[in-house]
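*Asks:* show me the folded form of this:
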Amino acid sequence: LVRAHPPLEERARLLSGRSVQQVGPQGLLYVQQREPAVTSPKDGSISILGSDDATTCHIVVLRHTGNGAACLTHCDGSNTKAEVPLIMNPIKSFSDHTQCGRLEGHLLGGFSDDRRQLSQKLTHQLLSEFDSREDDSHLVTSCVTELNGREENENHFPVIYGIAVNAKTAEIYRASFQDRGPEEELRTAWVLTGGPMISIYDAKTEQLRIGPYSWMPFPHVDFWLQHDDKEILENFSTSPLAEPPHFVEHIRSTLMFFFKKKNPSPTNKLFPGNKALLYKKKKRRSFLWEKISSPGS
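*Replies:* Residues are numbered from 1 along each chain as shown. Below is the predicted model:
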């Protein structure tokens with residue numbers, strides 16, 4: 001692919017050579033794994049979509065050049081065939097009446113040395129699924145696997161871990177994030193228990209919508225909490241040597257979330273009345289998310 005389209009390698013080199021920008025909470029929607037989100041330049045609350053901690057995962061950005069609508073998601077390859085439509089359809093709904101422009105795709109993250117070749121397999125799956133669709137989309141950036149790798153002391157690591165896209169300026173850049181939004185452990189619990197990809201943001205109402213989720217109790221929580229950091233890293237990561245420093249702390253806090261909630265099936269305990277948790281972005285001072293009433297309450 002790169003040999004046939006040399007500009008892909010040049011774009012990857014330019015992007016990976018840029019410095020990492022620290023993104024603050026103003027206008028930011030941070031997405032975790034399996035959380036596609038869409039925004040547009042008309043959104044009064046969200047202008048930046050971002051995600052990080054991508055090692056063997058890929059961050060996918062789709063953007064329509066006509067109306068500026070952008071979608072970002074963090075794919076882990078759990079069910080690529082079912083996930084690509086969930087990435088494509090929301091941004092298409094913004095573009096149905098757009099007469100000009102095209103849909104451009106950007107694949108970022110992953111590296112080439114994981115022994116099970118998880119990154120390479122995910123790249124192939126995503127490209128194959130996008131190519132098989134009737135929708136006309138154009139691959140503009142492919143900073144994945146070999147094009148996103150570096151070597152240090154004979155160990156391999158990704159260059160880019162995090163990406164942000166600004167819907168108002170169309171800029172895509174390397175990024176890191178301190179604010180990851182509300183209910184971080186709850187959202188991670190959804191992934192750890194095998195939850196499928198699900199959208200968390202409604203650009204029309206400008207609301208973050210979490211759940212309601214349902215899962216079976218997570219097994220052996222107390223057993224895992226007794227393990228040291230090295231064992232948690234080796235058992236919960238697909239690339240233990242390449243994980244960022246906070247990975248184990250994040251997994252441990254999610255396991256503690258299960259433990260404190262007595263390992264719930266969350267429908268009634270965490271989502272009263274089986275209703276979603278709704279948040280709106282504060283537009284002054286902290287720019288953090290503020291919880292609002294559940295729908296119908």
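
*Asks:* and the next element down the chain from the helix or strand bottoming out on mean pLDDT in the chain?
*Replies:* In the chain, no helix or strand scores lower on mean pLDDT, DSSP states H and E than helix 266-269, which sits at a mean of 68. Past helix 266-269, further along toward the C-terminus, the next helix or strand under DSSP states H and E is strand 277-281.

*Asks:* okay, now the sheet partners of that following strand, with direction.
*Replies:* Partner strands and pairing direction for strand 277-281 (DSSP bridges) are strand 207-210 (antiparallel), strand 289-292 (antiparallel).

*Asks:* tell me the mean pLDDT for the last one?
*Replies:* Mean pLDDT, taken over the full extent of strand 289-292, equals 92.

*Asks:* same check on the first one?
*Replies:* Mean per-residue pLDDT for strand 207-210: 95.

*Asks:* tell me which residues of stretch 271-288 are tucked away?
*Replies:* 271, 276, 277, 278, 279, 281 (16 or more other Cβ atoms under 10 Å). Just so you know, the C-beta spots here come from the backbone N, C-alpha and C atoms, and that holds for glycine as well.

*Asks:* I'd say the last one and residue 291 touch.
*Replies:* No: Residue 281 lies out of contact with residue 291 (Cβ atoms under 8 Å); the separation is 11.5 Å.

*Asks:* can you tell me the closest non-neighbouring residue to residue 68?
*Replies:* Closest residue to residue 68 apart from its sequence neighbours, by Cβ to Cβ, 6 or more residues apart in numbering: residue 41 at 4.3 Å.

*Asks:* that's a strand at the one you found, yeah?
*Replies:* No: remark: residue 41 does not belong to a strand; assigned using DSSP: H, G, I helix; E, B strand; the rest coil, it is coil.

*Asks:* and the helices in this protein?
*Replies:* Counting by DSSP state H, the chain has these helices, from start to end: 6-16, 80-95, 118-132, 184-192, 221-225, 229-236, 247-260, 266-269.

*Asks:* so how far is residue 222 from the residue most central in space within the chain?
*Replies:* The residue lying closest to the centre of the chain (Cα atoms, centre = their mean) is residue 74, at 2.8 Å. Separation of residue 74 from residue 222 (Cβ to Cβ, to the nearest Å) stands at 29 Å.

*Asks:* repeat for residue 91
*Replies:* With Cβ to Cβ as the criterion, residue 91 and residue 222 are 43 Å apart.

*Asks:* looking at those two, which is more packed in?
*Replies:* More crowded of residue 91 and residue 222, by other Cβ atoms under 10 Å: residue 91, with 22 against 10.

*Asks:* contacts only, for that one.
*Replies:* Contact analysis of residue 91 by Cβ atoms under 8 Å, 6 or more residues apart in numbering lists 38, 62, 63, 64, 69, 70, 71, 103.

*Asks:* beta partners of the closest residue to the third one other than its chain neighbours?
*Replies:* What sits nearest to residue 63 in space, not counting adjacent residues and going by Cβ to Cβ, 6+ apart, is residue 70, at 4.5 Å. Counting by DSSP bridges, residue 70 is bridged to residue 39, residue 63.

*Asks:* okay, now the unreliable bits of the stretch 1-150 of the chain?
*Replies:* Low-confidence segments of the stretch 1-150 of the chain, defined by pLDDT under 70: 95-98, 113-116.

*Asks:* among the buried residues of stretch 271-288, which one lies nearest to residue 126?
*Replies:* Ranked by distance to residue 126 (Cβ to Cβ), the buried residues of stretch 271-288 are led by residue 276 at 28.5 Å.

*Asks:* right, and that closest one touches residue 211 too?
*Replies:* Yes: between residue 276 and residue 211 there is a contact under Cβ under 8 Å: 5.1 Å.

*Asks:* pLDDT wise, what is residue 218 at?
*Replies:* pLDDT recorded at residue 218 is 81.

*Asks:* that one and residue 258, how far apart?
*Replies:* Residue 218 sits 5 Å away from residue 258, going by Cβ to Cβ.

*Asks:* so if I had to pick from the two, which one is more boxed in?
*Replies:* Legend: neighbour count by other Cβ under 10 Å for residue 218 and residue 258, higher for residue 258 (23 against 19).

*Asks:* thanks a lot, see you next time.
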